[in-house]
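Novice: the following comprises the amino acid sequence and a computationally predicted model.
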Amino acid sequence: MAIERAHFEMIDAWSRAGVAAVLVRVAAVKGSTPRDADAVMAVTASATVGTIGGGRLEWLAMARARAILAGAEAPGELEVALGPEIGQCCGGRVRLSFATLEAALLASLQNQARDGAGRLPHVLVFGAGHTGRALATALAPLPLMTRLIDTRADAYEGYTAPVEAVVTPLPEAEVRAAPPGGAFVTMTHDHALDFLIAAEALRRGDAAYVGMIGSATKRAVFLSWLDESGPEGGYGRELGGRLVCPIGGARVRDKRPAVIAALTAAEIVAAVHDRSSESIT
């Protein structure tokens, strides 16, 4: 069963408040379907969280769940063909299961959410300036474990970070402590600090993505810095071959923080997905 941490927190809040809910799970799929098996959503009399694919399929599931809550239907399963009769053209079939939210099921969901969060790729964003904040906001709803890191406590003034906010005098230590397969993006207030963080991330050799905000000129300066630092320190120009700089690609030339954040978030998701696929195969 796949349940996101944020979704579990909402379901748990409903349970604590005594709000009855039905959990809808994609029990099995055949052919082309909007979500894979184990996708879940929870339905109350007036709200939902999560999704099993949207459209008419989800509307039917919500109606069935609310009929169960009203005592007009019993928990169980429902098989749906995704064809013209329900206004969808996926062509596959979905079997849905419906279960009322009780203590045992809630405990199972909690374990699933905890285990799932532990397997999420880690993304470390260094620099809580305008673009760092925008990137943290863009990454927050995605299936990633994101942290926003800065050396300055006052960098967070007036900002409620949607992800974990960290203040540390040694950001390079955060790089070293991160699990493998994650992403590192540096956009601090200091180019020298950007260089140090990016070099530490690249030197690990196991990151899915290492990005640094800047221009082609900044990239060139960074490569020269790696040269000057020398191989005796574990550096060298070749280390910069895997650096993404500028971040966000070159097709969209828009320097607004939210645009850079959206483009960079897409790069990160693609990179960690590719790394995850490599580890599976």
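Specialist: On my side now, so go ahead. All values reported here derive from a predicted model rather than from experimental measurement.

Novice: specify the local secondary structure of residue 148.
Specialist: strand (DSSP: H, G, I helix; E, B strand; the rest coil).

Novice: same deal with residue 194?
Specialist: Taken by three-state DSSP, the conformation at residue 194 corresponds to helix.

Novice: dump the residue contacts of it.
Specialist: Contact analysis of residue 194 by Cβ atoms under 8 Å, 6 or more residues apart in numbering lists 126, 127, 186, 187, 188, 212, 213, 214, 222. C-beta coordinates here come from the backbone N, C-alpha and C atoms, glycine included.

Novice: one more: residue 58?
Specialist: Counted by Cβ under 8 Å, 6+ apart, residue 58 has contacts 41, 51, 52.

Novice: would you agree it falls within a strand?
Specialist: No - going by three-state DSSP, the assignment for residue 58 is helix, not a strand.

Novice: ok, it to residue 36 distance?
Specialist: Taking Cβ to Cβ, to the nearest Å as the measure, residue 58 falls 15 Å from residue 36.

Novice: just residue 267 next, same as before
Specialist: In terms of Cβ to Cβ, residue 267 sits 24 Å off from residue 36.

Novice: who has more neighbours, the two?
Specialist: Taking other Cβ atoms under 10 Å, residue 267 and residue 36 do not tie; residue 267 has more neighbours (17 against 10).

Novice: which among the contacts of residue 194 end up buried?
Specialist: Burial by neighbour count, judged by 16 or more other Cβ atoms under 10 Å, picks out 126, 127, 186, 187, 188, 212, 213, 214, 222 from the contacts of residue 194.

Novice: ok so, going back, in strands, which of the contacts of residue 194 fall?
Specialist: Under the assignment DSSP state E, the contacts of residue 194 contribute 126, 186, 212 to strands.

Novice: how about TSV for the contacts of residue 58, with secondary structure and distance to residue 3 added?
Specialist: Listed next are the contacts of residue 58 as TSV, based on DSSP: H, G, I helix; E, B strand; the rest coil; distance: Cβ to Cβ, whole Å:
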residue	secondary structure	distance to residue 3
41	strand	10
51	coil	12
52	coil	12
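
Novice: and these, which are buried?
Specialist: Among the contacts of residue 58, those classed as buried by 16+ other Cβ under 10 Å are 41, 52.

Novice: tell me the one of the contacts of residue 58 nearest residue 15?
Specialist: Nearest to residue 15, judged by Cβ to Cβ, of those is residue 41 at 15.5 Å.

Novice: thinking again about what came up before, tell me which two of the contacts of residue 194 sit farthest apart.
Specialist: Using Cβ to Cβ, the contacts of residue 194 span at most 15.5 Å, a distance reached by 127 and 222.

Novice: please enumerate the helices of the stretch 151-281 of the chain.
Specialist: Ranges of helices in the stretch 151-281 of the chain, per DSSP state H, counting those that start in this stretch, are 171-177, 191-204, 216-229, 257-280.

Novice: let me know which of these is tucked in deepest.
Specialist: Highest mean neighbour count of the helices of the stretch 151-281 of the chain: helix 191-204, a mean of 20 (counted as mean count of other Cβ atoms under 10 Å).

Novice: got the CA coordinates for that helix in PDB?
Specialist: Extracted C-alpha coordinates of helix 191-204, given in PDB (Å, rounded to 0.1, in the frame of the first residue of the first chain):
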ATOM      1  CA  HIS A 191      30.300  31.800  -4.500                       C
ATOM      2  CA  ALA A 192      33.100  30.400  -2.500                       C
ATOM      3  CA  LEU A 193      30.700  28.500  -0.300                       C
ATOM      4  CA  ASP A 194      28.800  27.300  -3.400                       C
ATOM      5  CA  PHE A 195      32.100  25.900  -4.800                       C
ATOM      6  CA  LEU A 196      32.900  24.100  -1.500                       C
ATOM      7  CA  ILE A 197      29.500  22.500  -1.200                       C
ATOM      8  CA  ALA A 198      29.300  21.500  -4.900                       C
ATOM      9  CA  ALA A 199      32.800  20.000  -4.700                       C
ATOM     10  CA  GLU A 200      31.900  18.000  -1.700                       C
ATOM     11  CA  ALA A 201      28.800  16.700  -3.300                       C
ATOM     12  CA  LEU A 202      30.600  15.800  -6.600                       C
ATOM     13  CA  ARG A 203      33.400  14.100  -4.600                       C
ATOM     14  CA  ARG A 204      31.000  11.700  -3.100                       C
END
